[in-house]
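A.B. asks: predicted coordinates and the sequence they were generated for:
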Amino acid sequence: MDAPRNKKPFAELFAGVTGADIQEAIQKSGYPLQASVADALRTKLAEHDQQAAIQEEWAFVDPETQQARSIDIFADLPMYKFETEANRPKVLPYLTLLMECKQSELPYVFFLRGDSPGAGSVFPEISGIQNESIRVFSKGDEYPPEFSYEMSIHDVLGAYDLDFLDSPTFYAISAAKAVRRGGSKLELTGEDAYRAITLPLLKAADHVRLLSAPKISDDATLLRFIVCVAVVKAPMIGSFLHDGKSRLLSLPWVRSSRLEPITETSKKARLTSIVRHYDIIHESFLPAYLDRLIPDMREISKRVVNIGEVIVDGYGMAGDADETYMDIEPLPSDRHQHLKGRPFGAIRRGSGGLGMQIENAWPEDEIAHIDFGEYCDDPEDVD
């Protein structure tokens, strides 16, 4: 009979704890899922020949409490390659992925909508540039040289014609977690989902925005697209209204929304909340998700490089508002004098296409001679 093997002091277990107990506790925790997601991310990025700096347990500072916190996975992807400093673009695009991993035997429930609660495209978040909108002057002599309008950076870059960035899946106006409390019946709590997923993702995004804020001394502009993703190993159930009845739908991907209040006064008469988006996907869907994410982010990054000078300046000129990223170019110096005036308004893309919003409108005598037929089906609608 073999003599009992002496255990090392650091391998001894006490209080009735067994190796099986520890394994069970590990499997119930999120750590194996986090490791699996990080490995799947590295594998898929390698398939796409995409460089990335990946760090697990990435630390950030909570902007409200000033306490250090961490998010499960941080990945920073340079989206444009250049060989020498001579062909270094004016703006260098990056994709920053912030990922939180959660698992549960009980489902996450999403209250679905067909459209975003916000007007126009605001996904993904963008940081690192001075101007979140571009002032666009018209080419040619169809409009007076001082005529201009504002467009969001998302619309200028044509985010609306890239499936991943526009409306690739259902929007979730709210997310909840199913729990059992003191009985067998399920209850839904939005607080659990908010604290476990929404809060860490968006606070981490706020920290990225803070770190990547543009500085006057910077030699180059680094534009960052920030994509927040929760990867869950749990049932994903959507609830939507159809023919007056609540229906259930299982799905691997939703784009969830977080509405935040406006806290600063503005000259623009805006009362609607600020809309922020983040994606929630099932663990099994991660490879397919990345296969859709990477090509579209590369495409929009090419557009960033192509119009880098306009992005840095914050203004340019274009002939076609519907495909600005293909047409816009730097504003000639002989038209810089018109920057002193105000833009007529803003052109924004909603679910129905481009539309003019009149903000900071010109006085009537300044616009009486302008034909706005190109921008409105019925010019009389502009009042």
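C.D. replies: Looks like it arrived, so ask away.
A.B. asks: for the chain, where's the lowest mean pLDDT among helices and strands?
C.D. replies: Least confident helix or strand of the chain, by mean pLDDT, DSSP states H and E, is helix 364-367 with a mean of 44.
A.B. asks: quick one, helices of the stretch 51-200 of the chain?
C.D. replies: 153-156, 190-193, 199-211 (DSSP state H, counting those that start in this stretch).
A.B. asks: now for the first one, which elements pack on it?
C.D. replies: Of the remaining helices and strands, those touching helix 153-156 by 3 or more Cβ pairs under 8 Å, 6 or more residues apart in numbering; DSSP states H and E are strand 133-138, helix 324-327, strand 345-350. In this view, the C-beta of every residue, glycine as well, is placed from N, C-alpha and C.
A.B. asks: ditto for the last one
C.D. replies: Counting by 3+ Cβ pairs under 8 Å, 6+ apart, the packing neighbours recorded for helix 199-211 are strand 53-61, strand 68-78, strand 91-103, strand 125-127, strand 221-233, strand 274-282.
A.B. asks: for residue 293, see how far away the residue most central in space within the chain is.
C.D. replies: The structure's the chain has its C-alpha centroid closest to residue 124; by Cα atoms, centre = their mean the separation is 2.4 Å. Counting by Cβ to Cβ, to the nearest Å, the gap from residue 124 to residue 293 is 10 Å.
A.B. asks: right, and the helices and strands packed on helix 199-211 - which one's nearest residue 197?
C.D. replies: strand 221-233 (4.5 Å; Cβ to Cβ).
A.B. asks: in its sheet, which strands sit next to the closest one, and in what direction?
C.D. replies: Using DSSP bridges, strand 221-233 pairs in its sheet with strand 91-103 (parallel), strand 125-127 (antiparallel), strand 274-282 (parallel).
A.B. asks: could you provide these in TSV, with additional columns for distance to residue 331, mean pLDDT and mean neighbour count?
C.D. replies: Shown next, in TSV, are the strands paired with strand 221-233 (distance: least, Cβ to Cβ, whole Å; pLDDT from 0 to 100; neighbours: other Cβ atoms under 10 Å):
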stretch	distance to residue 331	mean pLDDT	mean neighbour count
strand 91-103	17	95	23
strand 125-127	21	94	21
strand 274-282	29	92	21
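A.B. asks: dump these into a markdown table; add distance to residue 223 as well.
C.D. replies: A markdown table is the format used below for the strands paired with strand 221-233 (distance: least, Cβ to Cβ, whole Å):
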| stretch | distance to residue 223 |
| --- | --- |
| strand 91-103 | 5 |
| strand 125-127 | 6 |
| strand 274-282 | 18 |
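A.B. asks: mind checking the ones you listed for the one nearest to residue 166?
C.D. replies: strand 274-282 (11.4 Å).
A.B. asks: can you list contacts of the closest one?
C.D. replies: 108, 110, 116-118, 122-125, 171-172, 175, 197-198, 201-202, 205, 227-234, 236, 252-262, 289 (Cβ atoms under 8 Å, 6 or more residues apart in numbering).
A.B. asks: ok, 7 Å please
C.D. replies: 116-118, 122-123, 125, 175, 197, 201-202, 228-232, 236, 252-260, 262, 289 (Cβ atoms under 7 Å, 6 or more residues apart in numbering).
A.B. asks: and for the residue lying closest to residue 308 once chain neighbours are set aside, the neighbour number?
C.D. replies: Spatial nearest neighbour of residue 308, excluding adjacent residues (Cβ to Cβ, 6 or more residues apart in numbering): residue 90 at 3.3 Å. Here the number of neighbours of residue 90 (other Cβ atoms under 10 Å) works out to 16.
A.B. asks: so what's residue 90 up against?
C.D. replies: 221, 308, 309, 312.
A.B. asks: go again using 8 Å as the cut-off
C.D. replies: Going by Cβ under 8 Å, 6+ apart, the list of residues near residue 90 reads 220, 221, 305, 308, 309, 311, 312.
A.B. asks: okay, now the unreliable bits of the protein?
C.D. replies: In the predicted model of the chain, residues 1-6, 29-30, 83-86, 119-121, 215-219, 264-270, 320-325, 350-383 satisfy pLDDT under 70.
A.B. asks: just want the angle from whichever strand or helix holds residue 38 to strand 91-103.
C.D. replies: Taking DSSP states H and E as the criterion, residue 38 maps to helix 31-47. Counting by axes from the mean of the first three to the mean of the last three Cα atoms, to 10 degrees, helix 31-47 lies at 150 degrees to strand 91-103.
A.B. asks: how far away from the center of its chain is helix 31-47?
C.D. replies: Distance, stretch centre to chain centre, for helix 31-47: 21 Å (Cα atoms, centre = their mean, to the nearest Å).
A.B. asks: most neighbours among the contacts of residue 90, which one?
C.D. replies: Within the contacts of residue 90, residue 311 tops the neighbour count with 28 neighbours, counted by other Cβ under 10 Å.
A.B. asks: that older thread, any shared contact partners between residue 124 and residue 293?
C.D. replies: residue 227.
A.B. asks: coming back round to it: tilt between the helix holding residue 38 and strand 68-78?
C.D. replies: Calculated by the same axes, to 10 degrees, helix 31-47 forms an angle of 20 degrees with strand 68-78.
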